[in-house]
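Engineer: Quick one, what's the 3D model for this:
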Amino acid sequence: MIINLFDDAAWLALRPLSFTRPVADLRVGILTIAEKWQKYLNADHGFITQDYLAVKFPALNNAELYINGSVCPDEALTETILSLKTGEVLTKDGIHIASRPLLGEVFDSELHKRFDVKEYTGDFIRVSVPEDIFRNNDIELRKDFALLTRGKKSVKLSSTNTFLGEEIFAEEGAGAECCTFNSLNGPIYIGKNSQVWEGCHIRGSFALCNDSQVKMGAKIYGQTTIGPFSRVGGEINNAVVWGYSSKGHEGYLGNSVVGQWCNIGADSNNSNLKNNYAYVKLWDYEMESFRETGLQFCGLIMADHVKCGINTMFNTGTVAGVSANIFGPGFPSHFIPDFAWGGAQGFDVYKLEKMFETAEKVYERRNIPFDSTEKAILQAIFEMTKIYRPF
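Structural biologist: Have a look, this model is predicted:
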């Protein structure tokens, strides 16, 4: 089967996280949304996204289904989508969930208005604002755990570890010594070739994706995902780190999302609860102002390529835009614009050529080329986000 996952208005609301990717490329649970649909439908997938992203995330020809990239699958929703006939669209509360086009029919935003509408009566998880990622991470992690481990046998981890509960699964090449794993409150997934170093304490639900490490003495609480090729330490609670990122030292990260190619300096912390226990606001790019989240616990939203120096202190509900470089004493502002260079004492523009020099070194460490496609995406974001930089 061939499917295309399309962006709707959620792409705008999910900025800055979506600046560098289609919505379906967001990681929530263990897998990205696209990877979830690929497995549920046994499908090849493409993306219908912003023009400047399409070179890296192309659409596929002859798609049999168009599926909203902000919607996470489950068994019931998948079954309903597969039952769609040609020329039918599945909706709920005005949201275009999926449609089955004529073979070769090109997607457009008005397509669902020409199709026969079927209203979905069930519930589903949709990622439509940044905080939805950590807020829904527990339920998606549990679903992905069941999906990835069904019919498989876990690698046996060392007897030097202490295990509480039975929902612990390790892929080939995974290893851990002298750690505690508590799955009484949620499953624990250790991905291929990932390592948990000595003295760590981990509570489920938790996922450590492939080729990542948890450093010695880390304390990790539930509802947390560490994506592939990442390294973390310190104290982490209900956070999602997407991949190719490092929080390698002491410091607290909670109720947060960290994008790809990020580095958090030693002893850096984020606040996830205001002193007056009030609900947290987050910067909204579309509103160009702060939006009520309705959450009492909400920490840091960090987009791709962000770096922060040692002892950085992030306010409750801080949004750090793409390629921000943050350092110095004090609390930076609650909204740190894309390509900002500085901290609490003020910001300058992080010039694109300087950012490229750093990115080339970061990619080289992972043996991944920082090519013209990556540069073109960042160039486009740099131009789009000028209006948010008052310096």
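
Engineer: what number of residues lie near residue 245?
Structural biologist: 27 (other CB atoms under 10 Å). Any C-beta I mention is one placed from the backbone N, CA and C, and that applies to glycine too.

Engineer: Next one: the nearest residue to it once chain neighbours are set aside from residue 376, what distance?
Structural biologist: Once flanking residues are discounted, residue 245 sits nearest to residue 262: 4.1 Å by CB to CB, 6 or more residues apart in numbering. Separation of residue 262 from residue 376 (CB to CB, to the nearest Å): 21 Å.

Engineer: between these two, who's got more neighbours?
Structural biologist: Between residue 262 and residue 376, counted using other CB under 10 Å, the more crowded position is residue 262 (24 against 14).

Engineer: Cross-check the contact I'm expecting between the more buried one and residue 305.
Structural biologist: Yes: between residue 262 and residue 305 there is a contact under CB atoms under 8 Å: 6.9 Å.

Engineer: Strands of the stretch 51-200 of the chain, residue ranges please.
Structural biologist: 65-68, 88-92, 95-100, 116-119, 162-164, 168-170, 175-176, 180-182, 188-190, 195-196 (DSSP state E, counting those that start in this stretch).

Engineer: Show me what the third one pairs with in its sheet, parallel or antiparallel.
Structural biologist: Right, the one you point to is strand 95-100. Paired strands of strand 95-100, with direction, are strand 65-68 (antiparallel), strand 88-92 (antiparallel) (DSSP bridges).

Engineer: Could you list the residues in contact with it?
Structural biologist: 8, 64-68, 71, 77, 81, 84-91, 111-112, 115, 120, 124, 126 (CB atoms under 8 Å, 6 or more residues apart in numbering).

Engineer: next one: the fourth one
Structural biologist: Contacts made with strand 116-119 from outside it, assessed by CB under 8 Å, 6+ apart, are listed as 80, 84, 87, 88, 89, 90, 91, 92.

Engineer: 7 Å instead, please
Structural biologist: 87, 88, 89, 90, 91, 92 (CB atoms under 7 Å, 6 or more residues apart in numbering).

Engineer: if we can go back for a sec, could you redo the strands paired with strand 95-100 as TSV and give each row mean pLDDT, mean neighbour count and distance to residue 328?
Structural biologist: Formatted as TSV, the strands paired with strand 95-100 follow (pLDDT from 0 to 100; neighbours: other CB atoms under 10 Å; distance: least, CB to CB, whole Å):
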stretch	mean pLDDT	mean neighbour count	distance to residue 328
strand 65-68	97	24	41
strand 88-92	95	19	47
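
Engineer: Turn those strands into CSV, columns for distance to residue 192.
Structural biologist: Listed next are these as CSV, based on distance: least, CB to CB, whole Å:
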stretch, distance to residue 192
strand 65-68, 27
strand 88-92, 35
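
Engineer: To residue 143, which of the ones you listed lies closest?
Structural biologist: When the strands paired with strand 95-100 are compared by CB to CB, strand 65-68 sits nearest residue 143, at 16.5 Å.

Engineer: Between the strands paired with strand 95-100, which one is closest to residue 365.
Structural biologist: Nearest of those (CB to CB): strand 65-68, 35.0 Å.
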